[in-house]
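>>> got a predicted structure plus its sequence, pasted below:
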Amino acid sequence: MRPVELLAPAGNVEKGEIAAAFGADALYFGIDQFNLRARSGNFTLEEAQIFIRRLHELGKKAYLTLNIYPKEDDLRPLEELIDRVAGLALDGVIVSVPGVLDMVKKRAPGLSVHVSTQANVTDSRSARAWKEWGAERVILARELSLDEIRAVTRKADVETEVFIHGAMCMAYSGRCLMSKYMTGRDANAGDCAHPCRWSWYVREEKRKNELFEVAEDERGLYIFNSKDLMLYDHVGEIIDAGVSSLKIEGRIKGILYVATVVRAYRLLLDALAEGITPDPLWRETLFEANNRGYHTGFLIPGGYESKLESSRTFAPYDLLGYMDARGEFVAKAPLVKGGTYEALQPLNPAIETVRILDLQSATGVSTEKGQPGQRYRIETSLPLKPWSVLRYRRPGEDQPGET
């Protein structure tokens, strides 16, 4: 099968390291400001420089997000940021508007430009126009069907990228005004309060006899609350459509989410490339990552669904911690000597059960219990690779059936 890029989110350095270890070919991230995840943690300039170097050593690519809709007062600071990142050896920047593309081309002419899904490119003429302005890749709008993706990719003569997994906005290409109107937090500047996840009641004041029948409980109605996107079953078709990059959403998601989702799609892509049948268990692990239930979005007619019963996400597992590059265990939850946990290891198709045989502080002092936020030396019943993730099942959580 034709090679395709698996592009994963890096909300901060540790998430980026884990996504890279679990098989992402490229990572996208933000620096300080001017990207659509203002609350993801992001990178400092110094962290970005080290991270990019690390990715290049691994043969992977690094893309910077500059995809807000800037206002007039943002233009000068944007120019200054572009000047600062021009020497970082980035493989590309992601922009939403022609003005920022123009800035990049003039201030960092050697830098590749990708057009964000926020630009809502839905046709080949628009994609070709962006190419003529200097873009090398267009991230297509999520509202496109598989046939439309195929047609745009075939006719546009520019690389295309498609979202295959993650949270979805109920507004067209994510261009929503609800958050700014209701809370003052501007979604188009990366600071969305996600009011679409709130409980809503629907009433049409002037049309008393026109009823909108919806599922509703005593807490209200979640009509705007989109289920999460999962295109795992259609990855082969998307690749056949000529798409160059498959993108996972989730810069504000946790470490366990990143490891679980990147792992599942990496295993799938490798199986497709080798012409072997994917293990059904890889797909099932996507239901173990934090999710609102899944749908196929607009890829297949009739695939889009809201989650009407609540805005709650489901995740049967919690993160215990991970092994860092130095072989120390970074605890994210309380752990105990003798405890049994599940290990997700980079590029390992099996999820294994491991027991902590010995637990020591970073200075070598033995202890029976570990606390979150600390580093430990651990001996386990199975050897753990760097960036392996340990998880434990949340008490009282039963995994729901597929949706």
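Okay, I see it.
>>> in this structure, which spans are helices?
13-21, 45-57, 75-85, 98-107, 124-133, 146-156, 178-183, 235-240, 255-274, 280-285 (DSSP state H).
>>> those: which one's closest to Thr340?
Ranking the helices of the chain by proximity to Thr340 (CB to CB) places helix 255-274 first, at 17.2 Å. All C-beta atoms are positioned from the backbone trio N, CA, C, and that covers glycine.
>>> quick check: buried residues in that closest one?
Judged by neighbour count (16 or more other CB atoms under 10 Å), helix 255-274 contains these buried residues: 255-269, 271-272.
>>> do the same with stretch 381-392
Neighbour counts over stretch 381-392 (16+ other CB under 10 Å) mark Leu384, Pro386, Trp387, Ser388, Val389, Leu390, Arg391, Tyr392 as buried.
>>> low-confidence ranges, the stretch 251-400 of the chain, go.
The model of the stretch 251-400 of the chain has pLDDT under 70 over residues 305-312, 396-400.
>>> hang on, the earlier thing: tell me which two in the buried residues of stretch 381-392 are the farthest apart.
Largest pairwise distance in the buried residues of stretch 381-392, by CB to CB, is 20.4 Å, between Pro386 and Tyr392.
>>> excluding chain neighbours, what is closest to Val336?
Nearest residue to Val336, sequence neighbours excluded (CB to CB, 6 or more residues apart in numbering): Lys369, at 5.3 Å.
>>> isn't that neighbour up against Leu335?
Yes: the pair Lys369 / Leu335 is scored as a contact, 7.2 Å apart, by CB atoms under 8 Å.
>>> out of the two, which sits in the busier spot?
Neighbour count, other CB atoms under 10 Å: between Lys369 and Leu335, Leu335 has more, with 23 against 10.
>>> for the more buried one, give me its contacts.
Leu320, Gly321, Tyr341, Ile356, Leu359, Lys369, Gly370, Tyr376, Leu390 (CB atoms under 8 Å, 6 or more residues apart in numbering).
>>> are any of these buried, and which?
Those of the contacts of Leu335 that meet the buried threshold are Leu320, Gly321, Tyr341, Ile356, Leu359, Gly370, Tyr376, Leu390, by 16+ other CB under 10 Å.
>>> just those residues now: which is nearest Asp102?
Gly321 (44.8 Å).
>>> quick one: the strands in the stretch 201-350 of the chain?
Residue ranges of the strands in the stretch 201-350 of the chain, as given by DSSP state E, counting those that start in this stretch, are 228-230, 245-248, 294-295, 317-323, 329-331, 335-336, 340-344.
>>> fine by me, we can end here.
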